[in-house]
Every structure is written in structure tokens, then in C-alpha cells.
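Enquirer: sequence first, then the predicted structure, then my questions.
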Amino acid sequence: MPLPYTGSHGELNFEADFVDELRHAGWQEVLKNKTVPELIDNWRNIIFKRNRDTLNDIPLSDSEMDYLLDVMRSQANTPVKANHFINGPAVGIKRDSDSPDRQHAGKEVFLDLFSSTEIAGGTSRYQIAEQTQFDTADIYNDRRGDITLLINGMPVIHIELKASGVDISEATIQIRKYYQEGIFRGFMGLVQVFWAISPEDALFFANPGDVDKFNSSFFFRWGDRNNKIIKNWKELISGSTHILSIPEAHKLIGYYCVADTLKDTLKICRSYQYIAIRALVKRASEQKWGDNSQLGGFIWCTTGGGKTMTSFKAGQLIIDMGYADKVVFVVDRKVLDTQSTKEYNSFSRSGENVCETKTTNDLFYKLKSSRSDETMIVTSMQKISRINDEAEKIKKDMLEKIKEKRIVFIIDEAHRSQFGTMHDSVKKTFYNALFFGFTGTPIFTENMKPGELITETVFGPCLAIYSLATGIRDKNVLGFWPEAVKTFSDDELKEKVALSECHANNKNEIVVGSEAWRLYRKLTKNTPMATEYDEKGNPKKDKNGKIIKGIEDYIPSNTYNDPEHRHHNAVVKYIVNNFVTIAYGEYGTLFHGILATEGIDEAIYYWERFRKTAPTLNVTALFNPNVNTNKERTLEHEKALIKIVDAYNEQYGTSYNRKTDPDHSGFKEDLTSRLAHKKPYEHIGNDHSKCIDIVIVVKQLLTGFDSQYVNILYLDRELKDDALIQAISRTNRVLDNNEKPWGMVKFFRKPYSMKRNLQEALKLYCEGDYADVAVNDLEKNIDKLNHIFENITYVFSQDKIENFECLPKKDENRQKFRREFYDMKTTMRAAMLQGLKWTNSHGKKLDFDEKTYKILTMRYNDLPSNQGGGGKRTQKPGFNLNTNISTMEMEKIDAEYLEAQFRIITMEDVEDSDDYDELKSAAIKEIKKNLGMLTEIQQRYAKIVLSDIENGILIVEKGKKFMDYIQEYMERIQREKIKNYADQVGLNPDRLFDLYREYTSGEVDPLKFERLKQSVDIERLKKYYNCVEFKARIRFHVELKKYIEERKADYEEKG
């Protein structure tokens, strides 16, 4: 018996059950087969019912409704603006001067359209619009949406459904298609969230605002409290999370959609953020103010998991619901203070403000203030820890009044640095406050240093967890590719350590058979490079109970800091030699790197070395020159930083100096904004002159700094546990998986120990599940590529296709090839980054060569695009794959090779005409053998061209190219077919051909299309359809575009 959601009626059956489930989950009525104007009329009626008293029982007139629609179109013409329109204050309209509402005639009234707090009660209405007929231009097919969820008449959630066996990507492609055709504009542009759902899977994403901004990297799956992905559609409606039910769907729109004005992007909280926010708000609601219970709890959320947005939404809701008088967002360090204020304000609603604090005194007065626009404050731990000292200068009684307020402190990036005396001081001062912490790397007993407290002791219990491994699984953050880069050979280090431990200058001084000789043998032959640990995390011991130290544990620190700078110079050489491969994505995105050093002296040397050996790279440095207690060294560091800032000014046209920027805060802010591509540098793109290639740091930027454009950390210092996870997480922000598949980390100092430290840290911060956090190494990727090639070869052999000359005939084989080659392409990208080249020893291990890979790429590009999504419903399964492979350079190379052979046929490259026939035959044979380099369409016409040459039908012209002939043949045959049709219906064949040629992906020039229709010979058209003029024109209007589409499709499939 077939499943209920398969077959010709599978999607319809699924839709019926889906709607029925929604009706049992708080959605009140179904509006079926409505047009968009009818939905607007429905909204108009609901507005009247919600605002009956305001309107004095007089419904909106047509002109008043038109005015409101004009307001909506202007104030809600992007997803960000639409969010402000929906969740903002009441909207003002002017009543008609002759309105029956005499009290307000000619005056402004304010309409309540949506309330984020009036949930599942009051005048809120919840409706389901099923099979809505969307407005489209004449040139498009009719479109019908599956399900649109309306709250108070406004379309806020749109859902596209697919039957069993159809990949969920088909639904996202359909939504994109609708977007391309302008369906989600105007009234339908109010949609905040899209869902793509099948019986087996579900994705959601925020309205991207533009067809070019659809990015599968930001399509998400909903999860439960334990971060288990929910794929059962019923669970989403009526299960424990029931996010699509009422009241949760209303909250999703009112509470958990965030308009990021800084990036002009609508964001939606993912399930783990939703769970964390709810937990924080619930805990704040339970607080018994006055009993000095300060421990609110902490959120363990992986670095890069959106902690800033999560903490902001929690603070905003705590204020909205009246659970506190003040919410203070606390960050560590001034540079993050400024960055966080910008971010928090970019999330705030229209008219809402998150206050920055310039000084401790400024913070004092903002805490004292009762103004409604000063309820949310951003400050640094440094400022707030000094507030007692500041109060001594002002009035202590004011501080006592502040202490009595209900203050919630939300500490973002709660690291060790905040667990010391400053944090303790703040708690003593604000004894009545409630403290929450956010961290991606909590402190446990396993990694607690002497004298430290664990995170739970400082903040209270863990309220929600979203670990690094889960974030990588969900593709919310990237995995890592860690690599040990050795600047000294293992044998050299072993020799140096062994001689040092044996107190010998050279091997000859050691007596064979002596204790020193046995120690020398042990260290050079049987000692691991790094100390090894058992499964419990304890160092391994010998039979005498003594820890087995690794070679790197014997190395003195000056080995890496020798006067000749052998190590530092080797690091610089490695970075420079590999810069282009690492810095540029496959499609040209320019990425940036961070080089972390052991100390300021090393950072300064690195900066000077880069300036000398790689002057074309844009390298700068960032450090605090005042951390050294040695005044002489501090002065030297300050002088060096002045030189660094001067060079920065020269490079970027800035003007920072000690007089105007004494603490270098302006320089730091400009540097971090430039590195993150944030205002005012959000549009610098790949302009190398405006970008930073490498920033050298000691400690700064290794925690709390976010940039999607940082893809690598060069680590020339030892780190472990939370500090290591924090540092490498600077590289794992998602941008575009084709450009940035993972974050890269290069270990230069004690590389074996660092790889071990990473393994131990991942065990700790991935809740034991760290298998997929680090990506495959190169050898594994080569094995994977060979396995994929074996699968692809088998697919083509099924249809007896040699040399991959054309696509498999069976659809299931094409789909298999699509999936396999996409995997091959992404794995090849990773392998190339890891050092694979077609000509080196790694490339020789592949079972296929570059030419074969190019041919497979051409076949992949020959695959039909799954761009359909009109009124028709497709049941054929597809795959959730991206298809943006760049082939321009490849096609150029391949075409040049074929043209070189063709020049022999034209006698351009033939000096001795006596050998012409033989050379011509060999050239044709060679071209035929390499036709697989062309697309399938080009191959078909190329064979006709070659056949005509061989049979004497085509006499080639000297200087004319092979590709020119192919294009001429393609166009001539298409013209003949189109002319036949044009003659039958009475059209100008040249005009029809021009329109056909311009047609791409469902797009036809509407003006040319209309002119072509009007130019038809009506008598011939009536004869063709055998009916009267009126009916003939109607049929012709429908069928003309269909003919162009089918002709184009037929051409692409058959030629």
C-alpha cells in the first residue's frame, strides 16, 4: 500500500492533513483559493474590528484603505522595515474630510494592526490562507501558494509543501522562484518567515528581501530542548515545541524575529536561541527581588552561535514584560563595548535605544535615570567595577537608590577575566541584582586553574546548552581544519633535546652502553613528540609511575625566540608562500587572517618582517603596550605601536595619533570594523587596498571578536582549554560554504602539543561529541575523491557511456551523478586548500586527471536546472544541492585546445600542403576524441559541423573558428524551426526569434512580448486555431510564451 503522501495526489493529501493539524492548534479559519486583493479586503475587515472604538464604528473607506496601503508600501518595502511596521507603534492615517465619523473627519487616527503581547486572546485573529492565487505579470504562469499564515489579517508566515520523496530543496527553490517573479512584494512582502516542509523534513528561514540574497547557508532546522532536529511536521505544530501553533507562532513573529538595521537583514532566532531566551525570561520572572539571590544562571552557547542577539532579545523581553527596571549588558574591554553597542542598537526596534556609556560617571547617571529610553545599557566590566570609587566623588545616597533598583546584568562572553576581583566587586556593590552569563567555553572542574571558580558557582545553573559540535552539525558555525606546521624537523628537535638532557655537546661525547647512551636512545627513538593522555585525560605514565614527557615538553622557550629568528622567519615565509591559496575563495572572496604571538616583542618583529619581505600584503598589529611592568620595555612597545599606527594611516588614509587618540581606541575601532566589514566598511568587498590581510595580536581579538571574513588563525603561541576554543572560533563564522568551507588553524609553536590540546579542548566543549568538528585531512580527502569517482564511473557505465561524453539517460542516474559530483566538487575544493595540485605527488594519487574532472564539470553543468515552481506540482525527487560551479576559465582553456586542432583543418598551422589530408584527418579525429570538453548541446552541433567538413558539404574559411561554426549551425536550425511556427500563426519570424534568443529562466521582456502579440496576422491566427478572433487571441496569449519556453527547453535537451 503506497504512503498517503506519494503519487499524483501526494502533495494535496499532505496539504489537507497539514491544514487540519493547524486548525487543531489555534488557527481559527481557512481562506481557500483567495486572491491577494481578497486577502487585503480580509485585512481591512479585521482592522475595523480591532479598531472599532477608534473608528467610531465607521469602517475604512476605499480612499482611507488606499492611504494605509501606500503607507505600508513605503514603510514596509524591505523585510527589516516590514518587521518594524508589524511590531511598531500604531499606524496613523487621515480620515476622509467627508467621513461619517464626524469626530475624526479630516483628522489623523492611529490604527492598532498587530500586538506582540495580545497573544491568543483579545481581538487577535489567526487564519490560514490556502492555495492563494498570487498576482503575476502577464508573461508568467499563474502561481498558487500552498499555505500562508495570517495574524490579524497580515501574511507573516509562508509555507511551501512537498510530497514524500521530494527533496526539501524543491520547496526552497519554489519560494525563490516566486520571489523572482515579484510575488513577495507589497502586501505579501509583510511575510517574515518562510518554511519549506515535506513529510520527512523541514527548513525555515527569514525573508531575505532579495532574490540574490537567498543563501542555503542560512536555511535552518528547528530543534527541541536537547537540540535534536525535528523533522516530523506534526511535532512542529502540535508536539512539545509546537512552533507553528498558536500562541508560539505569534511569539515567533512578535518576539523572535530581529530586524538588524546595521546589516539591513531580517534575522530569526534559531531554536536554541528561542529556548535560551525563554529560560532567561522565565528565571527573571521568578526573581524575588530583595532577597539578594544573585545567581540567575548561564547560557552555554558556542562561540559564533549568536550570543549577542540572544542576550539582547532576552534583555528586551525582560524589560517589555516588566520583570526588571534596568538591563545592563556587560562586555569585557572597551573595544567590545563600542562594537556591542552598535550591534545591540542594530537589533532594537524603532524608537528603542540601547545606551552606550562613555565613562563610569556616565554609567552611574544612566543607572540612576528613570527615563524609558535608558532602561537598557551597554557597558564594560572595567567601568562598572569602578562605580563605587565614582560614587565617593558624587553622592553615596544616590548609589544606594541605584542598588535598590531591580537590575539584571547580562554578561556576554563571560570568560575567566571576569571571574576575578572585578566581578566580585560588582556583585558586592549590586547585592540586589540578578546576574546571567553567556559563554561558549564554561569553566569546569576539569579545566579550572588554582584559585578559580567554576562557571556554575559564579552564575548559577546552566539554563540552556548549544555546544560547538551541535553548532557545526546545524551549520550555524563552521568546522575546523587544524594543521601542524613544523618550522623545525622532528629529528633536529629530538637530537637537541637528547643532547641537552645528556649534558653533551654532540653524539660522540656519549659513551655507548652508559646511562646517558640509554637516555639518548630513548629520547631520539622511543619518545613521542607530545605528552600523551589516556581516555580520562591524565598523562600516560611508565611502569615506574613517572609521566612520559613528550619531546616538546623538554624544549626551552628560547628555541622559538632565538636571536636569529629562524622560527619567526620560517612562519612568515610559510604565510607569504601560501597567502593566495588561503586568502582567496573559489569565486574570489578576499579573506583575512589573525596571527597570534607569544608576546609583544614577537608581534613587533613579525610586523617588521612582513613589511620587509612582503610589502604588498596589508599587515598591521594590535596590542596593549602598557601590559609590561618594565617601563623601558613599555616605552619601546609604545614607540613601535606609533610606527604601526602611522603605517596604517598611510595605507588607509586615516589620521590616528597620540594627541587625538591617546589610548589608541579609535585605531582599534577602525581596525576591527575594517576586519569585520562593518560600518563604515560594509561595502569594501574584495578591494585589497581597503582590506587588512593579516592582523598580528598577542591577546586581543582572540575572544569576542566576530567576522565572517576571517578564515584563518596562525597560532604561534601555546593555548589550551577554553582559551584555545575561543581563539580558533574567530575563524568559524558562516559566510558562503563554497567560499569558506571551514575555519583554518595553523599551529607553529609546539605543533604536536597544540594538536593534542585541541583534542582535549574539543572533548570538553563538545559534550563528548567532537568527531565531526575537525575536517578530514588531505589523505582522507584523496581517498574520498577516488571513491566518488568510482561511483560516478559506475553511474555512466550503466548507460554504456564512454569518456563521460554525455549525461546518463535515466533520471535516477542523473540525480545520482548530481549528488556525487557536488560532493566531489566540495571535497576537491577542500583538498586544493590542503595542498593538492594536479601536478604534485598528492594529485598523482587521484584515479582521475584534470581533463576528466573538467569533462565531469561540463556534464554537471549540462544537468537540467530544478528551477520550476509555478502552478504545476512536481513529484520527482531532487537533491538539496548548490550548482554554482565556475567554468569560464576552464571553457576558455578547452576551447583553445580544440581551436588549435581546427586551425590545422583551415590550413592556418600547416606549412606543407602535401600532408594536409593526413593532418586534417588526424585533427578531426583528435577533435572528436575531445568533444566531451564541450556541453552536450555544443557536442551535437559540433558533430554535424565535422560531418559536413568530412563530406565536403562545408568548406571551412581561413581564420574562422570552430566555435563560430557551432554557433552558426545552432542558430540556423533554431531559426528554421521558429520560422515554421511563425509562418503558421502569422508572426514576424525575426521578431519571434529575437524574443526567443533573449528568453532566460522564465524572463521575457514584457514590452517586446506585447508588441509581438499585437503584430500577429489575425486572419492567419484564426485559421491556425480554427475559431473566432476573440477566442484565438486568448489561446494565442496563453500559448505563445509556452511555445517559447518549450522551444528553449527542447533546444537545451535535443538541440
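Expert: Arrived safely, thanks for sending. Residues are numbered from 1 along each chain as shown.
Enquirer: flag the shaky bits of the stretch 701-850 of the chain, pLDDT-wise.
Expert: 767-774 (pLDDT under 70).
Enquirer: just the helices in it please.
Expert: According to DSSP state H, counting those that start in this stretch, the stretch 701-850 of the chain carries its helices in the segments 721-728, 751-765, 778-798, 811-833, 850-862.
Enquirer: and the stretch 201-350 of the chain, by the same measure?
Expert: Secondary structure of the stretch 201-350 of the chain by DSSP H, counting those that start in this stretch: the helices cover 233-238, 248-254, 271-285, 307-320, 334-347.
Enquirer: which of those helices is buried the deepest?
Expert: Counting by mean count of other C-beta atoms under 10 Å, helix 307-320 has the highest mean neighbour count of these, with a mean of 24. For glycine as for every other residue, the C-beta is placed from the backbone atoms N, C-alpha and C.
Enquirer: quick one on the thing from earlier: tell me the most buried of the helices of the stretch 701-850 of the chain?
Expert: By mean count of other C-beta under 10 Å, these have helix 721-728 as the most buried, with a mean of 22.
Enquirer: output the contacting helices and strands for that helix.
Expert: If you count contacts as 3 or more C-beta pairs under 8 Å, 6 or more residues apart in numbering; DSSP states H and E, helix 721-728 packs onto strand 710-716, helix 751-765.
Enquirer: residue 170 is nearest to which of those?
Expert: strand 710-716 (31.6 Å; C-beta to C-beta).
Enquirer: before we move on, the earlier item: mean pLDDT added to the helices of the stretch 201-350 of the chain, as CSV?
Expert: Shown next, in CSV, are the helices of the stretch 201-350 of the chain (pLDDT from 0 to 100):
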stretch, mean pLDDT
helix 233-238, 95
helix 248-254, 96
helix 271-285, 96
helix 307-320, 94
helix 334-347, 72
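Enquirer: need those helices in JSON lines (columns: distance to residue 946).
Expert: Compiled in JSON lines, these are given as follows (distance: least, C-beta to C-beta, whole Å):
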{"stretch": "helix 233-238", "distance to residue 946": "54"}
{"stretch": "helix 248-254", "distance to residue 946": "61"}
{"stretch": "helix 271-285", "distance to residue 946": "59"}
{"stretch": "helix 307-320", "distance to residue 946": "61"}
{"stretch": "helix 334-347", "distance to residue 946": "61"}
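Enquirer: which one of those helices lies closest to residue 53?
Expert: With C-beta to C-beta as the measure, helix 248-254 is the member of the helices of the stretch 201-350 of the chain nearest residue 53 (22.5 Å).
Enquirer: C-alpha coordinates for the closest one, PDB please?
Expert: Presented in PDB, the C-alpha positions along helix 248-254 are these (Å, rounded to 0.1, in the frame of the first residue of the first chain):
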ATOM      1  CA  GLU A 248       4.100  30.100  19.600                       C
ATOM      2  CA  ALA A 249       3.800  31.300  16.000                       C
ATOM      3  CA  HIS A 250       2.600  34.700  17.200                       C
ATOM      4  CA  LYS A 251       5.500  34.900  19.600                       C
ATOM      5  CA  LEU A 252       7.900  33.900  16.800                       C
ATOM      6  CA  ILE A 253       6.800  37.000  14.800                       C
ATOM      7  CA  GLY A 254       6.500  39.300  17.800                       C
END
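Enquirer: what helices or strands is it leaning on?
Expert: Using 3+ C-beta pairs under 8 Å, 6+ apart, helix 248-254 sits against helix 79-87, strand 143-151, strand 154-161.
Enquirer: how far is the second one from where the chain is centred?
Expert: In this case it means strand 143-151. Going by C-alpha atoms, centre = their mean, to the nearest Å, the spacing between the C-alpha centre of strand 143-151 and its chain's C-alpha centre is 27 Å.
Enquirer: before we move on, the earlier item: of all the helices and strands packed on helix 248-254, which lies closest to residue 561?
Expert: Nearest of the helices and strands packed on helix 248-254 to residue 561, taken as C-beta to C-beta: helix 79-87 at 50.6 Å.
Enquirer: just the helices in the stretch 551-700 of the chain please.
Expert: Applying DSSP H, counting those that start in this stretch to the stretch 551-700 of the chain gives helices spanning 551-554, 566-577, 579-583, 600-613, 631-652, 665-676.
Enquirer: looking at those, spot the one closest to residue 402.
Expert: Residue 402 lies closest to helix 665-676 among these, at 26.7 Å (C-beta to C-beta).
Enquirer: for that closest one, list every residue counted as buried.
Expert: Residues 666-676 are the ones in helix 665-676 that count as buried (16 or more other C-beta atoms under 10 Å).
Enquirer: quick one: that helix to strand 710-716, angle?
Expert: 120 degrees (axes from the mean of the first three to the mean of the last three C-alpha atoms, to 10 degrees).
Enquirer: one step back: redo the helices and strands packed on helix 248-254 as TSV? Include mean neighbour count, distance to residue 64 and mean pLDDT.
Expert: Below are these laid out as TSV (neighbours: other C-beta atoms under 10 Å; distance: least, C-beta to C-beta, whole Å; pLDDT from 0 to 100):
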stretch	mean neighbour count	distance to residue 64	mean pLDDT
helix 79-87	22	17	95
strand 143-151	22	21	94
strand 154-161	24	17	98
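Enquirer: ok, which of the ones you listed comes nearest residue 492?
Expert: Short answer: helix 79-87, nearest of those by C-beta to C-beta, at 58.1 Å.
Enquirer: show me where pLDDT drops low in the stretch 401-550 of the chain?
Expert: For the stretch 401-550 of the chain, applying pLDDT under 70 flags the ranges 413-421, 451.
Enquirer: ranges for the strands of it?
Expert: Using DSSP state E, counting those that start in this stretch, the strands of the stretch 401-550 of the chain run over 407-411, 434-439, 462-466, 480-484.
Enquirer: before we move on, what about the stretch 151-300 of the chain?
Expert: 154-161, 193-198, 201-206, 257-260, 265-268, 295-301.
Enquirer: which of those sits closest to residue 849?
Expert: Across the strands of the stretch 151-300 of the chain, residue 849 has its closest neighbour in strand 201-206 (37.6 Å, C-beta to C-beta).
Enquirer: residues making contact with that closest one?
Expert: Residues outside strand 201-206 that contact it (C-beta atoms under 8 Å, 6 or more residues apart in numbering): 79, 168, 171-172, 192-197, 218-222, 230-231, 233, 236, 257, 265-268.
Enquirer: if you set the cut-off to 7 Å instead, what comes out?
Expert: For strand 201-206, the surrounding residues in contact (C-beta atoms under 7 Å, 6 or more residues apart in numbering) are 79, 168, 172, 192-196, 218-222, 231, 233, 236, 257, 266-268.
Enquirer: tell me which of the helices of the stretch 551-700 of the chain sits nearest to residue 286.
Expert: Residue 286 lies closest, by C-beta to C-beta, to one member of the helices of the stretch 551-700 of the chain: helix 665-676, at 37.3 Å.
Enquirer: with distance to residue 357 added, can I get the helices of the stretch 701-850 of the chain in CSV?
Expert: Output for the helices of the stretch 701-850 of the chain, formatted as CSV (distance: least, C-beta to C-beta, whole Å):
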stretch, distance to residue 357
helix 721-728, 25
helix 751-765, 32
helix 778-798, 50
helix 811-833, 43
helix 850-862, 55
